[in-house]
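S.K.: Here's my sequence, what's the structure:
(2 chains)
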Amino acid sequence: MDDAIDCDVHCAPESYDVLFPYLSDYWRQYITEAGVRLNGMAHAYPRGVVAPAPASYEALAERVLRGASEPRIVVLNCLTGFETHRNPYFAAAVAAALNDWLREEFLSRDSRLRASLVVSTVSPDDAVSEIERMGEDPGFVQVLLPVRSDLPWGHKNNHPMFAAARAAGLQVGLHAWGRAGKAPTPSGFTTTYLEDYLGNQPIAQAQVLSFISEGVFERFPELRVVVSECGFAWLAPLLWRFDKDWKGVWREVPWVKRRPSEYVREHFCFTTAPAHLPSDPVAIDQVVEMMAGSAALVYASDYPHEHGDALAALLGRLSDEQRRRLMCGTAADLYGLAAGADYQIR
Amino acid sequence: MRVVVAPVSSFSDGERRIVDVGGRSIGVFRVGESFYGIRNRCPHQGGPLCLGHVLGDAVADAPGQAAVVSDPLRIACPWHGWEYDLDSGQSFMGAAMPGVRSYGVDLEPGGALLERVPGPYVAETFEVRVEDEYVVLHA
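M.R.: Below is the predicted model of the structure:
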């Protein structure tokens, strides 16, 4: 098959026990004595519809790497860091342990694998330390951040994280969900799981607004942000209004020197799962046209989460070249991976 | 066509006068010792452009590192904030976007205006003197 880079495949340790080799005595005791447990992001997906994320290289190899649509490169997203509670010292220790585990369990065993770097989502300074410790390992391609954050990610307090990421050659992966206890909408908590489940889309929009309005890409012109598992069909109307309102109130943000949509097109990518597409093929064409083409889209299976056959419907409406870019080329450029070449990383 | 707007001595720094020139509404602005004339109709949606604020450009080297500079000066439409260079009328979105017509404004001595030039002194009741300088709009 053609080359493919799958930008969002999940993996997660089954329990904190798996991380014990990478944690200090203090944290092992902390976990054991307090009964701290992982729930496998069980709150995030409808009960019973998904398999647990692969917890070992063997499981990943059997279920993803040897599958019928075998991808050439897989970017692993371990959301376990999103489960960590508000203790900043614990969050930093777990992030480091997860990265050590990712490297030992997956990255060091298969040159087709890459991963997002897990960082503390509580303290930007701890995130910087972890990026500096591990970010230059060639197995890591981006810093993993949840869409649900304490502050919108564009806030200046988070800029040192982006500086560290670029110094290490990393991009940013902004993924659905966030720490338990973070509001799933920009205006607070929801009453129903249904709202919570759909909430990743509007909160991703709020993050897009933040990155642009706070001038992140003026400070870090090489930074790219991959928005994972939050859809993309909402982008065009957001940008219509964003450009329009920026014209009227640009003086508040004179560091935003171009139309917001231009920054978005240069700096953001969106994964294809879930796709949030209409069922009418002509309407799919219109969505792609309104997004000024498919250049912002990168392929992701979101394994083991099943989102239906929207990707096939989308690919069926694209040219061969657009398909190649979406499946591989755009992500290869984004992450500095040589498309179609030898992917050996060490 | 020349239109006398007002004696310079009555036109203070920061002031504007909006004049009707054969059905065209035109704003005349004084900023320091400079005078500007610009059409009082925003190309965006026809708003009363010359009722807006005159603002120096806002610049920023980095997020949060913002300053206001006096060049270029722009007028911001009170309806939607679209801005135009007060001197050239060019849109703040660049030359590819519709600009607004700007007009030259001179100071001329009253002695040069002895021929029939429309202006406020025709209709006003105060004494007309020719020894002063007048703000003259070239519309």
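S.K.: any weak-confidence spans in the chain?
M.R.: All of this is about chain A. Residue ranges of chain A with pLDDT under 70: A:1-2, A:48-50, A:67-70, A:339-346.
S.K.: hmm, I had chain B in mind actually
M.R.: Looking along chain B with the criterion set at pLDDT under 70, you get B:120-129.
S.K.: Within range of chain A, give me the residues from it.
M.R.: Counting by Cβ under 8 Å from any Cβ of the partner chain, the residues of chain B lying close to chain A are B:55, B:58-66, B:80-82, B:92-93. (Glycine included, C-beta is placed from N, CA and C.)
S.K.: Which among those residues count as buried?
M.R.: Among the residues of chain B next to chain A, the ones that count as buried by 16 or more other Cβ atoms under 10 Å in any protein chain shown are B:55, B:58, B:60, B:63, B:66, B:80-82, B:92-93.
S.K.: among the residues you listed, which are in strands?
M.R.: Where those overlap with strands, as defined by DSSP state E, the overlap consists of B:55, B:58, B:60, B:66.
S.K.: Farthest-apart pair in those, please.
M.R.: Farthest-apart pair in these is B:55 and B:60; separation 14.8 Å (Cβ to Cβ).
S.K.: now the strands for chain B?
M.R.: Counting by DSSP E, one finds strands in chain B at the ranges B:2-7, B:16-21, B:24-31, B:34-39, B:53-60, B:66-76, B:83-85, B:102-109, B:133-138.
S.K.: Can you give me the neighbour number for the closest residue to residue A:183 other than its chain neighbours?
M.R.: Spatial nearest neighbour of residue A:183, excluding adjacent residues (Cβ to Cβ, 6 or more residues apart in numbering or on different chains): residue A:189 at 5.2 Å. A total of 12 residues lie near residue A:189 under the criterion other Cβ atoms under 10 Å in any protein chain shown.
S.K.: go on, residue B:43?
M.R.: The number of residues packed around residue B:43, counting by other Cβ under 10 Å, is 18.
S.K.: quick one: it and chain A, what's the gap?
M.R.: Distance of residue B:43 to chain A, computed by Cβ to the nearest Cβ, to the nearest Å: 13 Å.
S.K.: Would you check that that residue makes contact with residue B:92?
M.R.: No: with contact taken as Cβ atoms under 8 Å, residue B:43 and residue B:92 are classed as non-touching, separated by 11.7 Å.
S.K.: and for the two, which residues touch both?
M.R.: The overlap between the contact sets of residue B:43 and residue B:92 (Cβ atoms under 8 Å, 6 or more residues apart in numbering or on different chains) consists of residue B:82.
S.K.: Contact partners for residue 63?
M.R.: No chain in the question, so chain A it is. By Cβ under 8 Å, 6+ apart, the contact list for residue A:63 reads A:51, A:54, A:303-304.
S.K.: ah, I was thinking of chain B
M.R.: The contact partners of residue B:63, by Cβ under 8 Å, 6+ apart, come to A:156, A:159, A:214-216, A:218-219, A:255.
S.K.: and these near chain B, which?
M.R.: Of the entries in these, those that also sit close to chain B under the rule Cβ under 8 Å from any Cβ are A:156, A:159, A:214-216, A:218-219, A:255.
S.K.: my read: residue B:74 touches residue B:85, true?
M.R.: Yes: taking contact to mean Cβ under 8 Å, the distance of 5.8 Å between residue B:74 and residue B:85 places them in contact.
S.K.: Mutual contacts of these two, please.
M.R.: Residues touching both residue B:74 and residue B:85 (Cβ under 8 Å, 6+ apart): residue B:92.
S.K.: and residue A:145, that one's in a helix?
M.R.: No: going by DSSP: H, G, I helix; E, B strand; the rest coil, the assignment for residue A:145 is strand, not a helix.
S.K.: can you tell me which residues contact the nearest residue to it once chain neighbours are set aside?
M.R.: With sequence-adjacent residues excluded and distances taken as Cβ to Cβ, 6+ apart, residue A:145 is closest to residue A:174, at 5.3 Å. The neighbours of residue A:174, taking Cβ under 8 Å, 6+ apart as the test, are A:145-147, A:153, A:204, A:207, A:225-228, A:230.
S.K.: what's the spacing between residue A:174 and chain B?
M.R.: For residue A:174, the distance to chain B - Cβ to the nearest Cβ - is 19 Å.
S.K.: so which residue of the stretch 51-200 of chain A comes closest to chain B?
M.R.: Using Cβ to the nearest Cβ, the closest approach of the stretch 51-200 of chain A to chain B is made by residue A:156 at 6.5 Å.
S.K.: Residue A:210 is in contact with that residue, correct?
M.R.: No: counting by Cβ under 8 Å, residue A:210 is not a contact partner of residue A:156; they are 10.9 Å apart.
S.K.: Between the two, point out the one with more neighbours.
M.R.: Of the pair residue A:156 and residue A:210, residue A:210 is the one with more neighbours under other Cβ under 10 Å, namely 17 against 14.
S.K.: what sits against residue B:57?
M.R.: Counting by Cβ under 8 Å, 6+ apart, residue B:57 makes contact with B:68-69, B:71-74.
S.K.: Among those, name the buried ones.
M.R.: So, by 16+ other Cβ under 10 Å, the buried ones in those are B:72-74.
S.K.: Let me know the closest of those to residue B:24.
M.R.: Comparing these against residue B:24 with Cβ to Cβ picks out residue B:74 as the nearest, at 20.9 Å.
S.K.: Can you tell me, leaving aside adjacent residues, what's nearest to the closest one?
M.R.: Nearest residue to residue B:74, sequence neighbours excluded (Cβ to Cβ, 6+ apart): residue B:83, at 4.2 Å.
S.K.: Test my guess that that neighbour contacts residue B:54.
M.R.: No: Residue B:83 is beyond contact range of residue B:54, at 10.0 Å (criterion: Cβ under 8 Å).
S.K.: Between those two, which contacts overlap?
M.R.: Shared contacts of residue B:83 and residue B:54, counting by Cβ under 8 Å, 6+ apart, come down to B:74-75.
S.K.: Between those two, which has more neighbouring residues?
M.R.: The neighbour count for residue B:83 versus residue B:54, taken as other Cβ under 10 Å, is higher for residue B:83 (27 against 19).
S.K.: Just list whatever residues bridge to that one.
M.R.: Listed beta-bridge partners, residue B:83: residue B:76 (assigned using DSSP bridges).
S.K.: Which residues are in contact with it?
M.R.: Contacts were defined as Cβ under 8 Å, 6+ apart; by that measure residue B:83 touches B:55, B:74-77, B:91-92.
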